[in-house]
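Undergrad: Below: sequence and its predicted model.
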Amino acid sequence: MREPLVRMRGIAKHFGAVKALQNVDMDIYTHEIHALLGENGAGKSTLMKALSGLHKPSAGKIFIENQSYPYLDHKTAAKLGIGIIYQELSLIDELSVLENLYIGRLLYKTICGIRVVDWKKMRKQAAITLLRLGIKVDLDEKVANLSISYKQMVEIAKVLISDVSIIIMDEPTSSLTNNEIEFLFVVMRQLKADGKAIIYISHKLNEIRQICDRYTVLKDGSSMASGMIKDVTNDDIIHLMVGRELPSRFIPSYQSSSEEIIFSVKNLTGRNKKQVNNISFDLKRGEILGFAGLVGSGRTELMNCIFGVDKKLSGKIYLNQKEITPNNPFQAVKRGMAYITENRRGNGFFANFSIQQNIAVSQSLKVGKFKGAMGFIQPSIEQNLAQIQQQNLRIKCASVKQNITELSGGNQQKVIIGKWIACQPEVLIFDEPTRGIDVGAKAEIYKIMRELAAAGKAILMVSSELPEIMAVCNRIAVYREGEISTIFENDISLTEEKIMSYALPINVGETV
C-alpha cells in the first residue's frame, strides 16, 4: 500500500474564541488530485494556509514524507515544495507579468564576479509556462491591464513556474473561460502523471467529478469523510457538506406581478463599441433580469457603463421615468442604484475595515455632505445599521466589530450586499454574485435576491453559470459581442442549449 506524501493529524486552529479547525485529519498522495470540499467557513482555506506555512496550527502535526513538523513557516513550506494558488488574486497591478511571476525569487547569474538578475532565463521559463497554460500574454504588460481571467492564469503560472511537488489550488477556475479550464485540466493531468500531489478546492461538483481522484469533506472545521470520488454521488457530497438536501434546480418561485417599468436603458454605447454597443432594455419593479453570455462578451463593461464606472459615448438611463444617467459611481448611488461587483476583494469591500464599517460606508457616503466627504456617522448608528443587516442577511460572525477578512467568502459577500441594501436603492446590479461560494451559501444569496425583488426592488444579474441564471431570473438577456442578441422569458421550456445558441459569436451572413 502506498504511503501518503502528506499526512495531517489532529490539526486545530483557534482565532481567539473561534475554533476554525478542530481535530482535522487528511492524507495526500503523489500522482493524485485530491478534492477538498465544504461550505464557505468550513475551514478549507484555513487548513491549506496551515499546510503552506501562513497559519500556525493551535494543535496537531503535519508529516511530509514521514518527517514530522508541529507547524510549517512559509520558508520551510516553500523548501518542501508546497505551493498555493489563492482564490483571491495576490498580484501587484503596477508590475509587469514577468515581474509578478518572479516576485521574491529572482534568478541570478554571475558576470565578471558580479551577481546580476538573469532576465533572459526568467523570460524563457515564463514563456514556456504560459504557453503550457495555453494563454498568450506580453510578459512586459502591466498586470493592471489584464482581464480577471488572465490575472487568474498568471496567478496559476506563479506556482507552476516553481519546482513544487505539492500544489494547492483554491478555486482556480472561478474566473476562467471554458477553454481556459480545459487547458488547466490538461496541465493538471500532466502534473499528476509527473508525480505531483494536487489539492483542489472548488464548489463546482461537475469539475470535481471530472478531474479529481479522492476527496475530503470538512464541515464546521472538522473532517467529515474521505474516500474515492467514484464511490459517491453529488447528492452524497452535498449532504456531507451542508447536512441538508438542496434542490438540483431552483425554478423561480415567483413572477413579478407589477407591470410598472422602473428602470430603462436607451441606446447606451460605451467607448469600446465591441463591448457595449447601442444597448436598450426595460426593467420592471420586482423583476430580476439576467445577463447571460460568454466571458469577455462585455456584460461587466455594460454594468460599468450603467453605474458610471466607465464613460459612455451616448445613451440615456431612466429611473421612474426620470433621466438619471450617472457620470460616476457617486452619482449612481445618490440616484438610487447599487452595484455588487464581480471582484469581491478588489473593489467590493475595505479589507482594513470591520464588518460594521463596511456596511455603513455606502450609507455614510450617500447622506454625507460635500459629495460624501463629510459622511461620517456616529458609531452607535453605524453599529445599529450593521446589526440590522447582520440579522436580516444571516451573516455568520462573532461580532459586527470583526474585521471583514476574518469571514468566509460567502459571508463577505453578504456584508457587501448589506452595505448596499443599507442605502435603500431601487435598482441593484449583481455581477457574478456567487463566484467562489459554496452550494449552501449560493442558495442563501438566491433567497436574498428574491426577497429584494419581492420588496419591489429591480435587479440586474450577470452570471456565467447558466443553471444559476435560469434559477433566479424572470427574464434572461443574452449578451453577444457587445450587443443583446435576444431576451427570453424564463420558463420551464427554456434550455441551456437555446441560450448558448444566442451567446456564441456568429460570422457575417450566418444566422442562429
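TA: Okay, I see it.

Undergrad: Residue 364 sits in which helix or strand?
TA: Taking DSSP states H and E as the criterion, residue 364 maps to helix 355-367.

Undergrad: and that helix, which residues are buried?
TA: Using 16 or more other Cβ atoms under 10 Å as the test for burial, helix 355-367 gives 355, 356, 357, 358, 359, 360, 361, 362, 363, 364, 365, 366. Quick note: C-beta positions are derived from backbone N, CA and C, even for glycine.

Undergrad: Could you do stretch 61-70 as well?
TA: 62, 63, 64.

Undergrad: How about the first one, nearest residue that isn't a chain neighbour?
TA: I take that to be residue 62. Using Cβ to Cβ, 6 or more residues apart in numbering and skipping the chain neighbours, the partner closest in space to residue 62 is residue 69 (4.8 Å).

Undergrad: if I pick the one you found, what's in contact with it?
TA: 61, 62, 63, 76 (Cβ atoms under 8 Å, 6 or more residues apart in numbering).

Undergrad: Quick check: closest non-adjacent residue to the third one.
TA: Among residues not flanking residue 63 along the chain, residue 7 sits closest, at 4.0 Å (Cβ to Cβ, 6+ apart).

Undergrad: Tell me if I am right that that neighbour is in a strand.
TA: Yes. Residue 7 forms part of a strand when assessed by DSSP: H, G, I helix; E, B strand; the rest coil.

Undergrad: That one and residue 61: what is the separation?
TA: According to Cβ to Cβ, to the nearest Å, residue 7 and residue 61 sit 8 Å apart.

Undergrad: The stretch 101-250 of the chain: strands as residue ranges?
TA: 108-111, 114-117, 166-170, 197-201, 214-219, 222-228 (DSSP state E, counting those that start in this stretch).

Undergrad: could I get those strands as TSV with mean neighbour count and mean pLDDT?
TA: Shown next, in TSV, are the strands of the stretch 101-250 of the chain (neighbours: other Cβ atoms under 10 Å; pLDDT from 0 to 100):
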stretch	mean neighbour count	mean pLDDT
strand 108-111	10	90
strand 114-117	10	91
strand 166-170	23	91
strand 197-201	24	94
strand 214-219	22	92
strand 222-228	15	92
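
Undergrad: Quick check: which of the ones you listed is nearest to residue 305?
TA: Closest of the strands of the stretch 101-250 of the chain to residue 305 is strand 166-170, at 31.8 Å (criterion: Cβ to Cβ).

Undergrad: Which secondary structure elements does that closest one sit against?
TA: helix 44-51, strand 82-85, helix 148-160, strand 197-201 (3 or more Cβ pairs under 8 Å, 6 or more residues apart in numbering; DSSP states H and E).

Undergrad: chain center to the third one, what's the gap?
TA: Read that as helix 148-160. Taking Cα atoms, centre = their mean, to the nearest Å, the mean C-alpha location of helix 148-160 is offset from the chain mean by 14 Å.

Undergrad: for residue 487, helix, strand, or coil?
TA: strand.

Undergrad: Settle this for me: it is touching residue 476, isn't it.
TA: Yes. The pair residue 487 / residue 476 is scored as a contact, 7.0 Å apart, by Cβ atoms under 8 Å.

Undergrad: Looking at these two, which has the bigger crowd around it?
TA: Each of residue 487 and residue 476 has its neighbours counted (other Cβ atoms under 10 Å); residue 476 has more, 27 against 15.

Undergrad: List the beta-bridge partners for the more buried one.
TA: Taking DSSP bridges as the rule, residue 476 bridges to residue 290, residue 488.

Undergrad: from the buried residues of helix 355-367, which two are the most distant?
TA: 355 and 366 (18.9 Å).

Undergrad: Would you mark the buried spots in the lowest-mean-pLDDT helix or strand in the chain?
TA: Counting by mean pLDDT, DSSP states H and E, the chain has its least confident helix or strand at helix 344-347, which shows a mean of 72. Buried residues in helix 344-347, counted by 16+ other Cβ under 10 Å: 344, 345.

Undergrad: quick one on the thing from earlier: export the contacts of residue 69 to TSV and append columns for distance to residue 437 and secondary structure.
TA: Listed next are those as TSV, based on distance: Cβ to Cβ, whole Å; DSSP: H, G, I helix; E, B strand; the rest coil:
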residue	distance to residue 437	secondary structure
61	32	strand
62	28	strand
63	32	strand
76	32	helix
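
Undergrad: So what's the gap between the least confident helix or strand of the chain and the chain middle?
TA: Relative to its chain's centre, helix 344-347 lies at 9 Å (Cα atoms, centre = their mean).

Undergrad: Send me it as CSV with only the CA atoms.
TA: Extracted C-alpha coordinates of helix 344-347, given in CSV (Å, rounded to 0.1, in the frame of the first residue of the first chain):
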residue,chain,number,x,y,z
ARG,A,344,-15.1,40.9,-4.2
ARG,A,345,-11.7,41.6,-2.7
GLY,A,346,-10.5,44.0,-5.3
ASN,A,347,-13.3,46.6,-5.1
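
Undergrad: From the rest of the structure, what touches it?
TA: Applying Cβ under 8 Å, 6+ apart, the contact partners of helix 344-347 are 88, 89, 341, 351, 409, 412, 413, 416, 435, 436.

Undergrad: Could you write me a PyMOL select line covering just the buried ones among the residues you listed?
TA: The PyMOL selection below is limited to those of the contacts of helix 344-347 classed as buried (16+ other Cβ under 10 Å):
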select buried, resi 88+89+341+409+412+413+416+435+436
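
Undergrad: between the contacts of helix 344-347, which is nearest residue 494?
TA: Distances from residue 494 to these, taken by Cβ to Cβ, are shortest for residue 435, at 22.9 Å.

Undergrad: Check whether the closest one really touches residue 174, as I assumed.
TA: Yes. Counting by Cβ under 8 Å, residue 435 touches residue 174, with 5.1 Å between them.

Undergrad: So what sits opposite the residue nearest to residue 63 in the bridge?
TA: With DSSP bridges as the criterion, residue 7 is bridged to residue 27, residue 63.

Undergrad: Let's verify the residue nearest to residue 212 when sequence neighbours are not counted: helix, strand, or coil?
TA: Counting by Cβ to Cβ, 6+ apart, residue 35 is the residue found nearest to residue 212 once chain neighbours are left out, at 4.0 Å. Three-state assignment for residue 35 (three-state DSSP): strand.

Undergrad: What count of nearby residues applies to residue 35?
TA: The tally of other residues near residue 35 (other Cβ under 10 Å) stands at 23.

Undergrad: residue contacts, the closest residue to residue 348 other than its chain neighbours?
TA: Among residues not flanking residue 348 along the chain, residue 416 sits closest, at 4.8 Å (Cβ to Cβ, 6+ apart). Going by Cβ under 8 Å, 6+ apart, residue 416 touches 340, 344, 348, 349, 358.

Undergrad: re the thing from before, how many residues are close by the residue nearest to residue 63?
TA: Residues lying near residue 7 (other Cβ under 10 Å) number 17.

Undergrad: Was I right to think it contacts residue 27?
TA: Yes. At 5.5 Å, residue 7 and residue 27 qualify as touching, with contact defined as Cβ under 8 Å.

Undergrad: Run through the stretch 1-150 of the chain and note the low-pLDDT ranges.
TA: Flagging of the stretch 1-150 of the chain using pLDDT under 70 yields the residue ranges 1, 40-41, 87-88.

Undergrad: can you pull out the strands in the stretch 251-400 of the chain?
TA: Under the criterion DSSP E, counting those that start in this stretch, the stretch 251-400 of the chain contains strands at 261-270, 279-284, 288-293, 312-319, 322-323, 337-340.

Undergrad: Which one, of the ones you listed, ends up nearest to residue 405?
TA: Nearest to residue 405, of those and by Cβ to Cβ, is strand 337-340 at 18.0 Å.

Undergrad: Please point out which parts of that closest one sit buried.
TA: Across strand 337-340, burial judged by 16+ other Cβ under 10 Å covers 337, 338, 339, 340.
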